[in-house]
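Q: The following block contains a protein sequence and its predicted model.
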Amino acid sequence: MSRDAISVVMPARNASLTIADAINSILHQTYSNLELIIVDDNSKDNTFQIASMFASDNEHVQVFAMPFDDPDRYSINMLNVNAGWSARNFGMERSSGDWITFQDADDASLLNRLDVQHGFATRYNSSHVCVDWQNYGSEHLGKYLDMDAILADCAEENLVNSSVHILDIARRCKGIIPSYFNWIHNRVPHSVRTLRFINRLFFGDINTSYPGAGNSPMIKAEIARTILFRPLRQRVWPSRRGRGADRDFNFNVAEFVGDSISVNLPLYLWRHKGDNNSAYMSPQYRPIESKGV
């Protein structure tokens, strides 16, 4: 029996310096039954051309250019509040896999991410699985997470944030107004909803993150295409700054399916300026060159 097909959607905007590493980290995954859908989101550099070169050499890669730009991409403070959500929807609608996941064009993944993520989905009968992140480092490219070493130190079930736990957070982070008066929620600007004395009415606890790396969930395709990412004015679980498309999407999926899990394994390489994820500083979490399970 052939393994499920996984569609990896990669939104890309002005990512010419980083996208090759991101693409290679997907094309060399231990999970081989996949397609990579790259969506160029109105780049001003040669992101599209680089992605197209990969597509010309690999039948599993498709490249699309967004036919429109988001007129609400930037907030009044010039923060990019789109952050790829519309490109992700565009890519999902053109995917053909049984499962959908995502890879940002300025990050990368360890080479057994998809294998491990899909394995947990199967074993725990979950339709929505997140994993965790560690800092991107060029020395980690082309490497694996050592699952043998990790499981020798920790029982598998202790790595899993349960659906009950995730649903509890979702309820705590959902305000009264979207729960009972959603027509009001959608008519009030985000800048008003986040005001100090009323934000809990709209968002409950707006500071608690979705467990794990929210930008790279793996979801059953029919569910992902049903939920989709929402524009800022419709988000029930946004971030305070006005982005939070990933946070909103994951909590929305979790509430819809009721079987979401998040696994404490740092399989996603996040390129950011902050400190490394302090939960994974011990030696067994260091990427290795030989294949993990």
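A: Alright, I've got the coordinates. Numbering: from 1, shown residues only.
Q: got any ranges where the stretch 51-200 of the chain has weak pLDDT?
A: Where the stretch 51-200 of the chain drops to pLDDT under 70, the residues are 71-83.
Q: what are the ranges of the strands in it?
A: Applying DSSP state E, counting those that start in this stretch to the stretch 51-200 of the chain gives strands spanning 61-65, 99-102, 108-109, 128-135, 160-161.
Q: Redo those as TSV? Include mean neighbour count and distance to Ala12.
A: To be clear about C-beta, it is placed using only N, CA and C from the backbone, and glycine gets the same treatment. Output for the strands of the stretch 51-200 of the chain, formatted as TSV (neighbours: other CB atoms under 10 Å; distance: least, CB to CB, whole Å):
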stretch	mean neighbour count	distance to Ala12
strand 61-65	19	9
strand 99-102	26	11
strand 108-109	27	13
strand 128-135	24	19
strand 160-161	18	30
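Q: quick one: which of those strands is nearest Ala279?
A: strand 128-135 (7.3 Å; CB to CB).
Q: Pull up the gap between Arg225 and Pro67, please.
A: Relative to Pro67, Arg225 is positioned 19 Å away (CB to CB, to the nearest Å).
Q: swap in Asp41?
A: Asp41 is 11 Å from Pro67, by CB to CB.
Q: Hmm, Ala121 and Ser260 touching each other?
A: No - between Ser260 and Ala121 there is no contact under CB atoms under 8 Å: 10.2 Å.
Q: Can you pick out the residue with more neighbours from the two?
A: Neighbour totals were compared for Ser260 and Ala121, and Ser260 leads with 28 against 21 (other CB atoms under 10 Å).
Q: got the contact list for the more buried one?
A: 126-130, 163, 166-167, 250, 253-254 (CB atoms under 8 Å, 6 or more residues apart in numbering).
Q: Same question for Arg88.
A: Arg88 sits next to 9, 11, 39, 102, 229 when contact means CB under 8 Å, 6+ apart.
Q: And for Asn161?
A: 211-212, 261-264.
Q: which strand residues sit across from it in the sheet?
A: For Asn161, the beta-bridge partners are Ser262 (DSSP bridges).
Q: Please tell me how far it sits from Glu35.
A: Going from Asn161 to Glu35 by CB to CB gives 29 Å.
Q: same thing with Tyr210?
A: In terms of CB to CB, Tyr210 sits 26 Å off from Glu35.
Q: Next: Asn58.
A: The value you get for Asn58 to Glu35, if CB to CB is used, is 10 Å.
Q: Looking at the two now, which is surrounded by more residues?
A: The neighbour comparison of Asn58 against Glu35 (other CB under 10 Å) goes to Glu35, with 19 against 13.
Q: by how many degrees do the strand or helix carrying that one and strand 61-65 diverge?
A: Following DSSP states H and E, one finds Glu35 within strand 34-40. Going by axes from the mean of the first three to the mean of the last three CA atoms, to 10 degrees, strand 34-40 is angled at 20 degrees with respect to strand 61-65.
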